[in-house]
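*Asks:* turn this into a structure:
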Amino acid sequence: MEELLEYLARALVDNPDEVSIESFEEDDGTVVLELRVAEDDAGQVIGRGGRTIAALRNVVKASAVRHDRRVLVDVVD
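*Replies:* Residues are numbered from 1 along each chain as shown. Predicted coordinates for the structure are as follows:
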């Protein structure tokens, strides 16, 4: 899941070297993926009206279902 999110985020931004993902697991078993991008690229990842980040979340959640996991994706600035 991390690799998928990183791959997709790198394809969207102007500074792919500054994309990083930190993951941790909450007490209930939910995996939280914190996506960090360059300050100038945050708008590209979020998209107009949040559509791009919503699409990224849907793709990652679909991948997580295949592994019987629950996942949350956050963009951290």
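*Asks:* tell me the spacing between Gln55 and Leu4.
*Replies:* Residue 55: Ala, not Gln. 13 Å (C-beta to C-beta, to the nearest Å). In this view, the C-beta of every residue, glycine as well, is placed from N, C-alpha and C.
*Asks:* so where do the strands sit in the chain?
*Replies:* Per DSSP state E, the chain carries strands over the ranges 20-25, 31-36, 71-76.
*Asks:* nearest to Ala9, out of those?
*Replies:* Judged by C-beta to C-beta, the one of those that comes nearest to Ala9 is strand 31-36, at 5.9 Å.
*Asks:* averaged pLDDT, stretch 28-47. What do you get?
*Replies:* Mean per-residue pLDDT for stretch 28-47: 94.
*Asks:* pull out the buried positions in that stretch.
*Replies:* Neighbour-count burial for stretch 28-47 flags Val31, Leu33, Leu35, Arg36, Val37, Asp41, Ala42, Val45, Ile46 (criterion: 16 or more other C-beta atoms under 10 Å).
*Asks:* and for stretch 1-17?
*Replies:* Applying 16+ other C-beta under 10 Å to stretch 1-17 flags Met1, Leu5, Glu6, Leu8, Ala9, Leu12, Val13 as buried.
*Asks:* residue contacts, the second one?
*Replies:* When contacts are counted by C-beta atoms under 8 Å, 6 or more residues apart in numbering, Leu5 touches Ile21, Leu33, Leu35, Leu56, Val60, Val73.
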